[in-house]
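Undergrad: Provide a 3D model corresponding to the input given below.
(one chain, ligands or ions: 2)
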Amino acid sequence: MSKPRVLISDKMDPNAARIFEENGCDVDVITGETPEQLIARIGDYDGLAIRSSTKVTKEVLDAATNLKVIGRAGIGVDNVDIPYASSKGVVVMNTPFGNSITTAEHAIAMMMALARQIPEANAQTQQGLWPKNGFMGVEVTGKTLGLIGAGNIGSIVASRAQGLKMKVIAFDPFLSAERAVEMGVEKVELDQLLARADFITLHTPLTAETKNILSAENLAKTKKGVRIVNCARGGLIDEAALREMLDNGHVAGAALDVFAVEPAKENVLFGAPNFICTPHLGASTTEAQVNVALQVAEQLSDYLVNGGVTNALNMPSLSAEEAPKLKPYMALAEKLGSLVGQLAHGNLKRIGIEVEGHAATLNIKPITGAVLAGLMRRYSDTVNMVNAPFIAKERGMEVREIRNEREGAYSTLIRIKVDTDAGERTVAGTLFGKSQPRLVDIFGIGIEADLDGNMLYIVNEDAPGFIGRIGSLLGEAGINIGTFHLGRRETGGEAVLLLSVDQEIPQEVLKAACDCPGVKTVKALSF
Ligand SMILES: NC(=O)C1=CN([C@@H]2O[C@H](COP(=O)(O)OP(=O)(O)OC[C@H]3O[C@@H](n4cnc5c(N)ncnc54)[C@H](O)[C@@H]3O)[C@@H](O)[C@H]2O)C=CC1
Ligand SMILES: O=C(O)C(=O)COP(=O)(O)O
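TA: Ligands and ions are numbered 1, 2, ... in the order given. Got it, this is the predicted structure:
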């Protein structure tokens, strides 16, 4: 098998390339490309490692015909079109902790720089002006710091600010009362925070809800003399409104590491009074860059080489230890899903995925993903276990997962129940010898069959001579039978015949099988 190919398209610590190579990937480092150059190149790669400069747009993803995984060496993934990546079956991962201390430290540094106007004082001193009387700062001790966003970075900022003897209040709709107590912060509503904070620092992702969270209207609600720090994302603040507030002195200072448009070669805030900025340096320390480079390379290569999934934003985690255990189950799940997809008539409305015995001790999400991928393969050949749950949701399918650790007739079992326009249908399968997928139940009829290659499925009335007739029909058409499986509800009742053949079955042979007496259903299947 050829080695997975990975492209590093942003400046990254060299440890990343080293780890990719050590873990069995071929890696190219090509930074500073235009979007057009990236689009022309990306088709060759299985993995893409990025920071914030590479924009992974729909156009890039459309061109990325081999791409399986994108790894963000850092936290924010607003430069990746995740819904589109999901729809294309591409896993998106980040490294959620590698640069959080560094970014929190940058926010604190920005706050201190604002409080004492260090950048301007430095510039004027070096110009020989000795501006001793031009810079009256403020103490942070005893002041109120308002955190907007109290996740990983926000909570580190809180603890550092508490070390500086500040009172910390936080607005974060997802912050629990218990966690607020643990962090020693007062949980408040946004309006309270705006009214009370002497310093405000932003630590949320950029989402539809957080975009312009410091809008003109909200900036007007802040305390006069407030100082604002943003080391999260540019779009969180209305930059023009902030400029106005700096000019009229309502906001006493603002320190921004991030801008609505980056690189910010020009910006409405440049030159405003008490405005300081850095060029998106929040994560730029040696320590953080080594951390995120190592993590992203380990995570991407683990996925590409072993199937392990860590810190993915569009699929459940799967450890490298779990991946090999789940592999045969996923193969079984996909085959069962595919069988149902090929046989079920009409719209699939509800899907129940039941795991029993040993299967119930495993992570069910990848099994569900594989069932849905198999099921929907008849609609799309680009469906995979990453995008299948999203597509199922889009199509309005209701998916239920049920675990039952007690063993039934089999030590391990996956059962799929679907509600279709034509009623409920159930199939079930197990693993023989821990690794070989076998169908054991089809629509309530016991059978033992491997689902592989081209197959013929027939439902008929159990009667003598039928099997011989089908055998002759296929033989006369020059079609060789590989395996032959039978099951029936009861003697003389409904029977199922499932056989594998060495080639695709022509329409006229299917028609002739349909015309045999007692035949109810004939269907060519492929796995
Ligand atoms: N300047 C830089 O170089 C860096 C910037 N960042 C930015 O910092 C952001 C925060 O990072 P982490 O703390 O690690 O993320 P996190 O996910 O741990 O925390 C984000 C917090 O924001 C909260 N939040 C979400 N929606 C909110 C809303 N509408 N109002 C208030 N709070 C809301 C969440 O509940 C969560 O607690 C990242 O999304 C990234 O954009 C991260 C690293 C470096
Ligand atoms: O990790 C993040 O979210 C960052 O914003 C850091 O961005 P960068 O990797 O320095 O381009």
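Undergrad: residues making contact with stretch 188-200?
TA: Contact with stretch 188-200 is made by 111, 114-115, 138, 140, 143-148, 166, 169-171, 213-214, 218, 221-223, 225-229, as judged by CB atoms under 8 Å, 6 or more residues apart in numbering. From N, CA and C alone the C-beta is placed, and that goes for glycine too.
Undergrad: Which ChimeraX command selects the buried ones in those residues?
TA: In ChimeraX syntax, the buried subset of the contacts of stretch 188-200 is picked out as below (16 or more other CB atoms under 10 Å):
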select :111,114,115,138,140,143,144,145,146,147,148,166,169,170,171,213,214,218,222,223,226,227,228,229
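Undergrad: just checking, which of the contacts of stretch 188-200 belong to strands?
TA: Among the contacts of stretch 188-200, the members found in strands (DSSP state E) are 144, 145, 146, 147, 148, 169, 170, 171, 226, 227, 228, 229.
Undergrad: Wait, the fifth one touches residue 171, no?
TA: Yes: applying CB atoms under 8 Å as the test, residue 148 and residue 171 come out as touching, 5.3 Å apart.
Undergrad: what about residue 64, distance to residue 112?
TA: Distance of residue 64 to residue 112, given as CB to CB, to the nearest Å: 43 Å.
Undergrad: For those two, indicate the residue with more neighbours.
TA: Per other CB atoms under 10 Å, whichever of residue 64 and residue 112 has more neighbours is residue 64, with 24 against 15.
Undergrad: Phi and psi next, for the more buried one.
TA: Main-chain dihedrals, residue 64, degrees, to the nearest 10: phi -90, psi 70.
Undergrad: Kindly report the same for residue 263.
TA: Residue 263 adopts backbone torsions of phi -70, psi 140, taken as degrees, to the nearest 10.
Undergrad: who's in contact with it?
TA: Residues in contact with residue 263 (CB under 8 Å, 6+ apart) are residue 279.
Undergrad: mind checking pLDDT for residue 322?
TA: What the model reports as pLDDT for residue 322 is 86.
Undergrad: Against residue 329, how distant is it?
TA: Applying CB to CB, the value for residue 322 to residue 329 is 10 Å.
Undergrad: before we move on, what about residue 237?
TA: For residue 237 relative to residue 329 (CB to CB), the value is 48 Å.
Undergrad: higher neighbour count, the two?
TA: residue 237 (27 against 24).
Undergrad: what sits against residue 295?
TA: By CB under 8 Å, 6+ apart, the contact list for residue 295 reads 73, 95, 98, 311.
Undergrad: try 6 Å this time
TA: 95, 98 (CB atoms under 6 Å, 6 or more residues apart in numbering).
Undergrad: Could you do residue 173 as well?
TA: For residue 173, the contact set (CB under 6 Å, 6+ apart) is empty.
Undergrad: mind running it again at 10 Å?
TA: By CB atoms under 10 Å, 6 or more residues apart in numbering, residue 173 lies in contact with 149, 187, 189, 190, 204, 209.
Undergrad: Pick out the lowest-pLDDT one from these.
TA: On pLDDT alone, residue 209 ranks lowest of the contacts of residue 173, at 88.
Undergrad: and that one, what are its phi and psi?
TA: Dihedral angles (degrees, to the nearest 10) for residue 209: phi -80, psi -30.
Undergrad: Show me how far the longest helix belonging to the chain is from its chain's centre.
TA: Criterion DSSP state H: the longest helix present in the chain is helix 322-343. Chain-centre distance of helix 322-343: 21 Å, with CA atoms, centre = their mean, to the nearest Å.
Undergrad: for that helix, packing partners?
TA: Helix 322-343 sits against strand 348-357, helix 364-376, strand 412-420, strand 423-432, strand 436-442, strand 454-461, strand 519-526, with contacts defined as 3 or more CB pairs under 10 Å, 6 or more residues apart in numbering; DSSP states H and E.
Undergrad: if we can go back for a sec, shared neighbours, residue 322 and residue 329?
TA: Shared contacts of residue 322 and residue 329, defined by CB under 10 Å, 6+ apart, comprise 362, 363, 366.
Undergrad: just the residues you listed now: which is nearest residue 306?
TA: Minimum distance to residue 306 across the shared contacts of residue 322 and residue 329 is 13.2 Å, recorded for residue 366 (CB to CB).
Undergrad: what separates that closest one from residue 388, distance-wise?
TA: 11 Å.
Undergrad: More neighbours: these two, which one.
TA: Neighbour count, other CB under 10 Å: between residue 366 and residue 388, residue 388 has more, with 27 against 24.
Undergrad: check contacts around the nearest residue to the more buried one once chain neighbours are set aside.
TA: Nearest in space to residue 388, with sequence neighbours left out and distances taken as CB to CB, 6 or more residues apart in numbering, is residue 372 at 3.7 Å. Contact analysis of residue 372 by CB under 10 Å, 6+ apart lists 333-334, 337, 341, 348, 351, 353, 383-385, 387-393, 397, 399, 416.
Undergrad: picking up where we left off before, what's the closest of the helices and strands packed on helix 322-343 to ligand 1?
TA: helix 364-376 (20.8 Å; CB to the nearest ligand atom).
Undergrad: Can you report how many residues neighbour the residue of the chain found nearest ligand 1?
TA: Of all residues in the chain, residue 151 sits closest to ligand 1, at 1.8 Å by CB to the nearest ligand atom. Neighbourhood size, residue 151 [other CB under 10 Å]: 17.
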